[in-house]
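A.B. asks: model the structure of this input:
(one chain, ligands or ions: 1)
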Amino acid sequence: MKYIVSIVLFLSMLQGLAQSTFRNPILPGAYPDPSICRVGDDYYLVNSSFEYFPGVPIWHSKDLVNWELIGHAVTRAKQFDYSGICSSCGFWAPSIRFHKGLYYLSVTWVDWRMKVGFKNVILTATNPAGPWSDPSVITDDIWGIDPAIFFDDDGKNYWLMNHPAEPGAHQGASTIMIQQIDLAAMKLIGEKKIIGKGAQIDAKYAEGPKMFKKDGYYYLFIAEGGTGVNHAVTVSRSKNIEGPYENFQGNPILTHRNMGYTSPIINIGHADIVKTANKEWWMVCLGSRTLAGTDNIFGRETYLVPMTWDKDQWPIVSPQYGQVRAEERKPNLPEFKAAQFASKDDFETSSLLPYWVTIRIPKENTYHLKNKGFLTLNLQSCSLKELSEPAFVGQRLRYKQGDIITNLSFQPKSEKEEAGLAIYKSDKAYLRYVLSKNKNGNILTIISRKDSFEVVLFRKEILDINALQLKIIQQENKFTFYYSESQNAWQLAYKDFTGSLFSVEESGGFMGTMVGMYASSNGSESKNFAKFDWFDYILKN
Ligand code: 6LW
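C.D. replies: Take a look at the predicted model:
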């Protein structure tokens, strides 16, 4: 008996321990450039979303650990013209703030075809779940990214942004500017001041500025080193908002750059901070989990790190450890039961669940849920290789080990028509696992594409296409493909495709990898469609 009691006590102690920690990243998958604000007991967080629609996800939490996707800031085609924007263009580094009943979201809209390439805008909302306003353009004539607003306690409001360095500065040099903003008129006023250029003497890419006031000091948190393995968070402060700013001698306050690729979490940088109602300070930042040592195929994700202040009132991030930890102690906040979506979507809803995204804004009727219990994709003549609006509905790849399964109904009518699954990194790096047709009949193929170079990994005639199921098993950076012609009679199609193709290191860009349902008639007009009965993305670790 005594023995049983001690086992129970031991188990509950273990459970207690388990409950006092959380796992990083708090938002796995391509959710970079986090910005956070607190309103009472509620926390709101936003991320970059690049060429995907709806744009700029808005998250809600009460405990900083469990997050609910409550909406997006960009839900209407009228807000931004996505047509033809390149992969990794679109929305960069939003910042969210709350002031006098209104939520403010400042963000960069990137389209290299514009005169400058960067348009910096503000959207507002009374409810963070939306609807958000149309954009007010603050700058479209200065090279600069990552805008943030700061509301000072004297009633003045400021606009902060990354800004070019003086001509002749070292390669990659950039600065941080500040200028007053009239938020009623949505116009910059007064003079622009440069208040930072990074902590390292030859710092590159000073960006992502966030301003805070505490005990008479203005603290300027920035990212520097570029958004790769040399990324870092640094801080400077001043008693005068317009400077001069003094760099903290303990900079960088957070980085994994000193570990290079030996760290299982790389790219740590681009941060925002928040003070809880319990007077704790926490930092959110971006980082990436690597697979097989180097491959970062998830893109940049959101992490949560504790923060405190030293005796001289400089911030100390991840006290004792100085690193972002995969398992971290929870904030001192009551647990928030965030609504979680089931892994399987049966497509019983009348509109897509919020985690689904499309590449740019598809033309009307590219997809629909009118056949209850099915997602229907109408074949588009464009494909994933054009900067167009393909029939693709996907979600972020986010598990180190996961199964992706779908049930497809599709009758290809020509050799150009195809439908199935796609793993998509950009217009230049993706893989299609599709049912198509040749002169002998229906075929199932797996084709990877890097730039304009395609490799056919698998091709097989399929006799019964009425109950076709496709499955991709991901184990770290290896992807194995199965198909089944009758319920769960799985046959191997291709084993261990190395996912380096989807990594930022190999294929560049700022965005991570998406996986989803796809259909195309590859340049020909088609009235054909593909129906997906369900889609399941199961966590296996
Ligand atoms: C973003 C910049 C960055 O604007 O990457 O991590 C850019 N840092 O701050 C795109 O996400």
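A.B. asks: switch to C-alpha atoms for all contacts and neighbour counts from now on
C.D. replies: Fine.
A.B. asks: how about the residues of the stretch 101-250 of the chain that lie near the ligand?
C.D. replies: Residues of the stretch 101-250 of the chain lying near the ligand by CA under 6 Å from any ligand atom: 145-146, 207-208, 227.
A.B. asks: dump the residues you listed to CSV, plus secondary structure, distance to Ile176 and pLDDT.
C.D. replies: As requested, those are exported to CSV (DSSP: H, G, I helix; E, B strand; the rest coil; distance: CA to CA, whole Å; pLDDT from 0 to 100):
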residue, secondary structure, distance to Ile176, pLDDT
Ile145, coil, 10, 98
Asp146, coil, 10, 98
Glu207, strand, 7, 98
Gly208, strand, 9, 98
Thr227, coil, 16, 96
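A.B. asks: most neighbours among these, which one is it?
C.D. replies: Glu207 (31 neighbours; other CA atoms under 10 Å).
A.B. asks: quick check: that one touching Phe221?
C.D. replies: No - using CA atoms under 8 Å, Glu207 is not in contact with Phe221; the gap is 9.3 Å.
A.B. asks: how about the residues of this protein near the ligand?
C.D. replies: 33, 92-93, 145-146, 207-208, 227, 270, 510.
A.B. asks: please redo it, this time with the cut-off set to 8 Å
C.D. replies: Neighbours of the ligand within the chain, by CA under 8 Å from any ligand atom: 32-33, 48, 50, 88, 91-93, 108, 145-146, 207-208, 223, 226-228, 231, 269-270, 286, 510-511.
A.B. asks: tell me which residue in the stretch 201-350 of the chain sits closest to the ligand.
C.D. replies: Nearest to the ligand in the stretch 201-350 of the chain, going by CA to the nearest ligand atom, is Thr227, at a distance of 4.3 Å.
A.B. asks: show me the contacts for that residue.
C.D. replies: By CA atoms under 8 Å, 6 or more residues apart in numbering, Thr227 lies in contact with 267, 269-270.
A.B. asks: in the residues you listed, which residue is surrounded by the most others?
C.D. replies: That'd be Gly269 among these, by other CA under 10 Å, with 35 neighbours.
A.B. asks: which secondary structure element contains it?
C.D. replies: Using DSSP states H and E, Gly269 maps to strand 265-275.
A.B. asks: and the next helix or strand after that strand, which strands flank it?
C.D. replies: Following strand 265-275 in sequence order, the next helix or strand is strand 281-289 (DSSP H and E). Using DSSP bridges, the strands paired with strand 281-289 in its sheet are strand 265-275 (antiparallel), strand 301-309 (antiparallel).
A.B. asks: which residues does strand 281-289 contact?
C.D. replies: Residues external to strand 281-289 that are found in contact with it (CA under 8 Å, 6+ apart): 25, 31-36, 264-276, 296, 298-308, 317.
A.B. asks: name the residues that touch stretch 102-121?
C.D. replies: Defining contact as CA under 8 Å, 6+ apart, one finds that stretch 102-121 is touched by 85-86, 89-98, 122-128, 135-149.
A.B. asks: tell me the mean pLDDT for the helix or strand harbouring Trp109?
C.D. replies: For Trp109, the host element (DSSP H and E) is strand 102-110. Strand 102-110 shows a mean pLDDT of 98.
A.B. asks: with just CA atoms, put that strand into PDB.
C.D. replies: Extracted in PDB, the C-alpha atoms of strand 102-110 (Å, rounded to 0.1, in the frame of the first residue of the first chain):
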ATOM      1  CA  LEU A 102      -7.900  51.000 -30.900                       C
ATOM      2  CA  TYR A 103      -5.600  48.300 -32.100                       C
ATOM      3  CA  TYR A 104      -2.800  49.500 -34.500                       C
ATOM      4  CA  LEU A 105      -1.000  47.200 -36.800                       C
ATOM      5  CA  SER A 106       1.900  48.700 -38.700                       C
ATOM      6  CA  VAL A 107       3.500  46.500 -41.400                       C
ATOM      7  CA  THR A 108       5.600  46.600 -44.600                       C
ATOM      8  CA  TRP A 109       4.000  45.600 -47.900                       C
ATOM      9  CA  VAL A 110       6.800  44.400 -50.200                       C
END
